[in-house]
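In: got a predicted structure plus its sequence, pasted below:
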Amino acid sequence: MPKIRSAKVIVASPARNFVTLKIETEDGVHGVGDATLNGRELAVASYLGDHVIPCLIGREAHRIEDIWQYLYRGAYWRRGPVTMSAIAAVDMALWDIKGKIAGLPLYQLLGGASRDGVMVYCHANGTTIEEAVAAGRAYMDQGYKAVRLQAGVPGLKSTYGVPKGKQPYEPADADIPTENLWSTEKYMRSVPALFEAGRDKLGWDVHLLHDAHHRLTPIEAGRLGKDLEPFRLFWLEDPVPAENQESFRLIRRHTTTPLAVGEVFNTIWDCKQLIEEQLIDYIRATVVHAGGITHLRRIASLADLYNVRTGCHGATDLSPIAMAAALHFNLAVPNFGIQEHMSHAPLTETVFPHTYSYAGGYMHPGDKPGLGVDIDEAEAAKHPYKRAYLPVNRLEDGTLYNW
Ligand code: CS2
Ligand code: MG
């Protein structure tokens with residue numbers, strides 16, 4: 001069985017920062033994994049380069065589960081976004097290698113296709129409700145069946161999800177964190193009007209989603225969920241910071257608006273109670289931040305027992321490698337819900353050639369053996385890393401708050 005001969009970490013910034021792990025076997029077969037952690041990229045690069053790669057050399061590339069357990073249990077210091085993103089990158093790369101050696105696309109190794117395509121949702125945003133809804137119409141004209149609506153908040157200079165100019169939204173925008181101002185009161189007043197306009201202009205044959213981005217208290221989330229019930233959202237995402245899983249009981253008591261949580265989760269332990277008590281409807285954990293394909297399958301299997309469906313995070317700070325791996329996972333997993341799809345910049349697409357594609361509201365990973373994605377190292381080398389932080393939020397009285 002082929003052994004791992006070498007591995008390297010590639011940090012590059014084609015349109016934005018990405019961290020990529022490339023593992024090569026003694027037979028010259030290589031696999032790639034995404035290790036990007038937005039705003040903390042170099043921490044994961046060091047964890048991989050200084051602490052993980054030395055332990056990989058000489059191991060059998062096919063022993064994915066054993067290597068996963070070795071890196072998780074063997075670290076002693078378990079869990080956390082840095083550790084689990086590093087493990088995820090190794091896991092993705094080894095599944096890529098296994099698929100290439102088997103001559104099969106990854107989804108075939110995960111049980112084969114459970115559906116014809118992966119339904120995706122796009123980001124329709126605007127500084128005004130009219131702009132956001134018009135963007136939603138434009139995406140529906142491209143065939144999207146699901147649209148996330150985010151709009152500016154009257155009285156606030158900026159808000160999550162809404163770009164400042166005509167450039168696509170990129171939150172990691174400064175060498176030292178930008179400080180944004182936030183007002184829950186102003187925000188709560190603006191959201192129902194956004195979805196009233198959404199349903200009025202876009203109709204009922206489209207799924208509408210919204211991301212509250214961790215900014216409410218449980219009772220505020222209950223109120224917003226109730227305010228949005230007439231508009232039948234597909235989901236309300238990240239209503240509250242989710243460290244306190246039991247706080248979702250309070251939200252559930254007040255609203256039937258479906259809840260989606262988990263893009264910041266990195267192990268099954270972060271969402272065990274949420275799933276077992278059916279406090280959420282979609283789990284957003286991703287292949288890059290939650291330990292790779294191997295661990296995400298465990299999370300999805302637990303979720304399946306409790307009617308919770310997947311809704312993997314898919315913003316542009318997850319590389320095309322993560323998108324490719326997610327699409328293979330989504331195609332096979334039985335309790336698939338939806339996949340987030342923010343299109344990467346052309347420069348990013350150049351550095352990460354891939355076989356996945358979009359058509360009519362659905363995506364497909366393609367049938368190339370492995371993940372069907374790679375990194376063009378020569379192109380990547382032209383775009384050196386540039387430190388970029390996510391913003392921080394302060395309330396109008398200066399209190400440091402959730403971004
Ligand atoms: C957002 C992300 O896509 C989403 O649902 O929550 O854009 C998130 O803000 C970024 O991935 C953070 O890096
Ligand atoms: Mg989100």
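Out: Done, it's in. Ligands and ions are numbered 1, 2, ... in the order given.

In: would you map the strands across the stretch 151-300 of the chain?
Out: All strands of the stretch 151-300 of the chain, identified by DSSP state E, counting those that start in this stretch, fall at 179-182, 207-211, 235-237, 259-261, 282-283.

In: for the first one, packing partners?
Out: Strand 179-182 is packed against strand 392-395, with contacts defined by 3 or more CB pairs under 8 Å, 6 or more residues apart in numbering; DSSP states H and E. All C-beta spots, glycine's among them, are computed from the backbone N, C-alpha and C.

In: ok, and what's touching the next helix or strand after the strand it packs on?
Out: Downstream of strand 392-395, the first helix or strand assigned by DSSP states H and E is strand 400-401. When contacts are defined by CB atoms under 8 Å, 6 or more residues apart in numbering, strand 400-401 is touched by residues 182, 215, 392-395.

In: circling back to that earlier point, mind putting the strands of the stretch 151-300 of the chain in JSON lines, mean pLDDT and distance to ligand 1 included?
Out: Converted to JSON lines, the strands of the stretch 151-300 of the chain look like this (pLDDT from 0 to 100; distance: least, CB to the nearest ligand atom, whole Å):
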{"stretch": "strand 179-182", "mean pLDDT": "97", "distance to ligand 1": "12"}
{"stretch": "strand 207-211", "mean pLDDT": "99", "distance to ligand 1": "5"}
{"stretch": "strand 235-237", "mean pLDDT": "98", "distance to ligand 1": "6"}
{"stretch": "strand 259-261", "mean pLDDT": "98", "distance to ligand 1": "9"}
{"stretch": "strand 282-283", "mean pLDDT": "98", "distance to ligand 1": "12"}
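
In: what about those strands, which gets the closest to residue 5?
Out: strand 282-283 (36.3 Å; CB to CB).

In: so what strands line up beside the closest one?
Out: strand 259-261 (parallel), strand 309-310 (parallel) (DSSP bridges).

In: ranking the ones you listed by burial, who's on top?
Out: strand 259-261 (a mean of 27; mean count of other CB atoms under 10 Å).

In: now what about that strand, what contacts it?
Out: 209, 225, 235-239, 242, 248, 251-252, 271, 274, 279-284, 311.

In: what do you get for stretch 60-71?
Out: 1-4, 23, 25, 29, 31, 52, 55-56, 59, 86-87, 90-91, 94-95, 97-98, 101, 291-292, 294-295.

In: just the buried ones from those residues?
Out: For those, a burial check counting by 16 or more other CB atoms under 10 Å picks out 4, 23, 25, 29, 31, 52, 56, 86-87, 90-91, 94-95, 97-98, 101, 291-292, 294-295.

In: would you mind finding the longest helix in the protein?
Out: Of all the segments of type helix in the chain, defined by DSSP state H, the longest one is helix 81-102.

In: following the chain past that helix, name the next helix or strand.
Out: helix 106-109.

In: C-alpha coordinates for that following helix, CSV please?
Out: The C-alpha trace of helix 106-109 is given here as CSV (Å, rounded to 0.1, in the frame of the first residue of the first chain):
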residue,chain,number,x,y,z
LEU,A,106,-15.0,10.7,-4.2
TYR,A,107,-18.8,10.5,-4.0
GLN,A,108,-18.6,7.0,-5.4
LEU,A,109,-16.5,6.0,-2.4
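
In: who are the packing partners of it?
Out: Other helices and strands packing on helix 106-109, by 3+ CB pairs under 8 Å, 6+ apart, are helix 81-102, helix 320-332.

In: tabulate those helices (JSON lines), appending distance to ligand 1 and mean pLDDT.
Out: Output for these, formatted as JSON lines (distance: least, CB to the nearest ligand atom, whole Å; pLDDT from 0 to 100):
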{"stretch": "helix 81-102", "distance to ligand 1": "11", "mean pLDDT": "99"}
{"stretch": "helix 320-332", "distance to ligand 1": "11", "mean pLDDT": "98"}
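
In: would you agree residue 83 is in contact with residue 75?
Out: Yes - contact criterion CB atoms under 8 Å: residue 83 and residue 75 qualify, at 6.1 Å.

In: neighbour-wise, which of those two wins?
Out: Ranked by neighbour count (other CB atoms under 10 Å), residue 83 and residue 75 place residue 83 first, with 22 against 17.

In: list the contacts of the more buried one.
Out: With CB under 8 Å, 6+ apart, residue 83 has these contacts: 47, 72, 75, 77, 266.

In: which of those residues count as buried?
Out: Buried among those (16+ other CB under 10 Å): 47, 72, 75, 266.

In: pretty sure the first one contacts residue 84?
Out: In other words, residue 47. No - judged on CB under 8 Å, residue 47 makes no contact with residue 84 at a distance of 10.1 Å.

In: one step back: convert the C-alpha atoms of the longest helix of the chain to PDB, please.
Out: The C-alpha trace of helix 81-102 is given here as PDB (Å, rounded to 0.1, in the frame of the first residue of the first chain):
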ATOM      1  CA  PRO A  81     -10.800  25.500  14.700                       C
ATOM      2  CA  VAL A  82      -7.100  25.400  14.200                       C
ATOM      3  CA  THR A  83      -6.600  21.800  15.100                       C
ATOM      4  CA  MET A  84      -9.700  20.600  13.200                       C
ATOM      5  CA  SER A  85      -9.000  22.600  10.100                       C
ATOM      6  CA  ALA A  86      -5.500  21.000  10.000                       C
ATOM      7  CA  ILE A  87      -7.000  17.500  10.400                       C
ATOM      8  CA  ALA A  88      -9.600  18.400   7.800                       C
ATOM      9  CA  ALA A  89      -6.900  19.300   5.200                       C
ATOM     10  CA  VAL A  90      -5.100  16.000   5.800                       C
ATOM     11  CA  ASP A  91      -8.400  14.100   5.500                       C
ATOM     12  CA  MET A  92      -9.400  15.800   2.300                       C
ATOM     13  CA  ALA A  93      -6.000  15.100   0.700                       C
ATOM     14  CA  LEU A  94      -6.100  11.400   1.700                       C
ATOM     15  CA  TRP A  95      -9.600  10.900   0.300                       C
ATOM     16  CA  ASP A  96      -8.400  12.700  -2.900                       C
ATOM     17  CA  ILE A  97      -5.500  10.200  -3.100                       C
ATOM     18  CA  LYS A  98      -7.800   7.200  -2.400                       C
ATOM     19  CA  GLY A  99     -10.200   8.300  -5.200                       C
ATOM     20  CA  LYS A 100      -7.400   8.800  -7.700                       C
ATOM     21  CA  ILE A 101      -5.900   5.300  -6.900                       C
ATOM     22  CA  ALA A 102      -9.400   3.700  -7.100                       C
END
